[in-house]
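> the sequence and its predicted three-dimensional model are supplied below.
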Amino acid sequence: MTVHGFADLHAHPVAHASFNSAVLQGAPWDPPGHCNHSILSPISYSVLGTDHNKNPTHHTKIHQQMFADQYDRLYDAGLRLMVCSFTNNVLLAEIFASPEAYDHKNVLAQLCALRELVQCVPRLAVVGNAKQARSAIANGKIACIISLELDRLFGEPVHHAEDLSHSHELISRQLDYYSSLGARIFHLAHVVDSPICGCAVYEDLFNIASAYLKYKFMCDCGQEDYYFKLQCASKEDGYLFKPKNTTLLSTLALGPDFPQTTSYAYGEYGMRNAVGLTAAGVPVIEQLRQKGLLVDGQHMSQKAVDEALDLNTPLFFSHDTVRFVSQSEEQYRETENSRTDEQLQRLPSKIIGLGTGTEKDTLCKFFDQAEDLIHRGYTVAFGTDFNGLGGQPKGLDYIPAVGPSVVKGTPYFLRDGLSHYGMLADVVYYLKEHRPLIYCNMMQSTEAFLQHWESYAPNAPDFDLHTVRTT
């Protein structure tokens, strides 16, 4: 039976248990405005710039935005499938919490938190394959799929040293281990280069994390017609990486004696990572395919994505944007973490999770890119990245479908931006009334993703969250 409803292909419903439980303030079952009162919260406030003692806003970085009492409303609006991303950032976790921010320990903590969330929210059902997902949805549930978005997928980071080589046997054991914990979607890189591939570089924080873990900044290569530069790299300072916008964090992470500059080679053009797939990357991709596990290409460097597509890897992208090709100010903000036209044309499936945007954006950008993708034959899902420390889009000063000002009765997300997950329902209702092309397309996104899953991971095993061991 065809499933009607929209999907969110990237969200962090239990991110309060990530980063050694030291960064995100408040659990999903806590009241809005709750604070963990961590002794390090003032530091996280200083670095990430969010007042954790107030209710969440669209520009929050460290406040819980996905509350347990919102899922029934989202279901009524049409949410049928949600990818639950388990994440960790070793730099943030170790600076804010303890020196042992191991990825696998954070995965187990988030798995326990997800079990608790499902007990609080009977509407949610964690599934291991498309058949289980269809059954859950048919029984009135929101199907939840576990995804891993980690710094190091196959080994813990070794400070100031290269990773040890990884055998096929070790890779296979790690995949089997994470699969036994319910993981069905894998990011091959996150905010630093992994043993598998290079990461997409689009934040100064990523280079600080690279220096923290490997005692070196990332390699770069210039590219004609690619203009994005890190905030700290400018013509005036000779295109040197100077983490001046994150001074406190870089000092805490790297120490005052660490060299605070590195030269980039791109000159007048933009920065992208020179690292693609590593020697270990090809067998990992093949093992993922054999074990019925999906590859999320988000956060892979442009070179790594191109090389993975050369291998006919069935990539999908969970919280993407589209590369602008027009000469405009937007081209300077689009990074290698967004898709080129060529990459879009080479995707094996026509399903794409489109990011709602960051605190610098309005939903107009999401609406425009969604319509562009739809006209090109794609099915668009949400890729909200809620609780992902990146903020959400702000409100609109001018709403074409409403008028030059926000009128009484207009959903308040248009005025205030997306401050919490429940407001996604308002976006869907707005699309139904004012942007029916996008609405009708997105209501096919759950079915489109399930078909992708059935095509490229037909042998994914069942999963039972309640029986899996977390010790």
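Everything's here; your move. Numbers count the residues shown, from 1 in each chain.
> tell me which residues of stretch 370-382 are tucked away?
For stretch 370-382, the neighbour count (16 or more other C-beta atoms under 10 Å) marks 370, 373-374, 378-382 as buried. Bear in mind the C-beta positions are built from the backbone N, C-alpha and C, glycine included.
> so which of these is the closest to Pro56?
Phe382 (18.1 Å; C-beta to C-beta).
> what's the distance between that closest one and Thr356?
For Phe382, the distance to Thr356 (C-beta to C-beta, to the nearest Å) stands at 6 Å.
> for the lengthiest helix in the chain, name the packing helices and strands.
Using DSSP state H, we find that the single longest helix of the chain is helix 103-120. Contact here means 3 or more C-beta pairs under 8 Å, 6 or more residues apart in numbering; DSSP states H and E; on that basis helix 103-120 packs against strand 79-87, strand 124-126, strand 142-149.
> now the longest one: buried residues?
Think strand 79-87. Within strand 79-87, the residues scored as buried using 16+ other C-beta under 10 Å are 79-87.
> show me what the helix or strand following it is packed up against.
Using DSSP states H and E, the helix or strand that follows strand 79-87 towards the C-terminus is helix 90-96. Applying 3+ C-beta pairs under 8 Å, 6+ apart, one finds that helix 90-96 makes contact with helix 41-48, helix 204-214, helix 247-254.
> circling back to that earlier point, can I get the helices and strands packed on helix 103-120 in TSV including mean pLDDT?
Compiled in TSV, the helices and strands packed on helix 103-120 are given as follows (pLDDT from 0 to 100):
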stretch	mean pLDDT
strand 79-87	97
strand 124-126	98
strand 142-149	97
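> now the ones you listed as TSV including distance to Trp453?
Compiled in TSV, the helices and strands packed on helix 103-120 are given as follows (distance: least, C-beta to C-beta, whole Å):
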stretch	distance to Trp453
strand 79-87	10
strand 124-126	14
strand 142-149	8
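> nearest to Ser338, out of the ones you listed?
strand 142-149 (17.2 Å).
> in the stretch 151-300 of the chain, which spans are strands?
Along the stretch 151-300 of the chain, counting by DSSP state E, counting those that start in this stretch, strands occupy 183-187, 220-221, 272-273, 294-296.
> the third one packs against which elements?
Translated: strand 272-273. strand 220-221, helix 302-310.
> now the first one
Using 3+ C-beta pairs under 8 Å, 6+ apart as the contact definition, the elements that strand 183-187 packs against are strand 142-149, strand 294-296.
> looking at these, which is buried most?
strand 142-149 (a mean of 25; mean count of other C-beta atoms under 10 Å).
> just the angle between that one and helix 103-120, please?
Angle, strand 142-149 to helix 103-120, by axes from the mean of the first three to the mean of the last three C-alpha atoms, to 10 degrees: 170 degrees.
> so what strands line up beside strand 142-149?
strand 79-87 (parallel), strand 124-126 (parallel), strand 183-187 (parallel) (DSSP bridges).
> hang on, the earlier thing: looking at the strands of the stretch 151-300 of the chain, which has the lowest confidence?
If you rank the strands of the stretch 151-300 of the chain by mean pLDDT, strand 220-221 sits at the bottom with a mean of 62.
> now the residue minimising distance to the centre of the chain: phi and psi?
Geometric centre of the chain, nearest residue: Asp385, 5.1 Å, by C-alpha atoms, centre = their mean. Phi and psi for Asp385, reported as degrees, to the nearest 10, are phi 60, psi 30.
> now Gly353
According to degrees, to the nearest 10, the main-chain angles of Gly353 amount to phi -90, psi 120.
> circling back to that earlier point, greatest separation within the buried residues of strand 79-87: which pair is it?
Arg80 and Thr87 (23.1 Å).
> kindly state the domain boundaries assigned to the chain.
Per automatic domain parsing, the domain ranges recorded for the chain read 6-194+279-456, 199-274.
> quick one: end-to-end distance for the first one.
When you say that, I think you mean domain 6-194+279-456. 20 Å (C-alpha to C-alpha, to the nearest Å).
> one more: stretch 171-188?
12 Å.
> just the domains of the chain: most buried one?
For these, the highest mean count by mean count of other C-beta under 10 Å goes to domain 6-194+279-456, at a mean of 20.
> now it, how far from the centre of its chain.
4 Å (C-alpha atoms, centre = their mean, to the nearest Å).
> any idea which of the domains of the chain scores lowest on pLDDT?
Among the domains of the chain, domain 199-274 carries the lowest mean pLDDT, a mean of 62.
> what's the end-to-end length of it?
Using C-alpha to C-alpha, the two ends of domain 199-274 sit 9 Å apart.
> stretch 439-446 now?
Across stretch 439-446, first to last residue, C-alpha to C-alpha, it's 13 Å.
> likewise for stretch 180-191?
Termini of stretch 180-191 sit 25 Å apart (C-alpha to C-alpha).
> and if you look at stretch 424-443?
14 Å.
> contacts for that stretch, please.
4-6, 8, 70, 73-74, 76-79, 356, 363, 367, 370-371, 374, 379-382, 384, 401-402, 411-414, 418 (C-beta atoms under 8 Å, 6 or more residues apart in numbering).
> the same query, at a cut-off of 7 Å, please.
4-6, 73-74, 77-78, 363, 367, 370-371, 374, 379-382, 384, 401, 411, 413 (C-beta atoms under 7 Å, 6 or more residues apart in numbering).
> what does stretch 360-376 give?
Identification of contacts with stretch 360-376 by C-beta under 7 Å, 6+ apart yields 321-322, 352, 354, 356-357, 380, 393-394, 396, 427, 435, 437-438, 441.
> from the residues you listed, which land in strands?
Counted as lying in strands by DSSP state E, out of those, are 352, 354, 380.
> hmm, Gly383 is touching Leu9, no?
Yes. Using C-beta atoms under 7 Å, Gly383 is in contact with Leu9, at 5.0 Å.
> list residues touching both of the two?
318-319, 353.
> can you redo those as TSV with distance to Ser180?
TSV is the format used below for the shared contacts of Gly383 and Leu9 (distance: C-beta to C-beta, whole Å):
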residue	distance to Ser180
Ser318	22
His319	26
Gly353	26
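> closest one of those residues to Phe96?
Using C-beta to C-beta, these come closest to Phe96 at His319, 23.8 Å.
> now do the contacts for that closest one.
Per C-beta under 7 Å, 6+ apart, neighbours of His319: 9-10, 298, 353, 355, 383, 385.
> may I see these organised as JSON lines, with distance to Leu124 added?
Formatted as JSON lines, these follow (distance: C-beta to C-beta, whole Å):
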{"residue": "Leu9", "distance to Leu124": "16"}
{"residue": "His10", "distance to Leu124": "16"}
{"residue": "Gln298", "distance to Leu124": "23"}
{"residue": "Gly353", "distance to Leu124": "19"}
{"residue": "Gly355", "distance to Leu124": "23"}
{"residue": "Gly383", "distance to Leu124": "19"}
{"residue": "Asp385", "distance to Leu124": "19"}
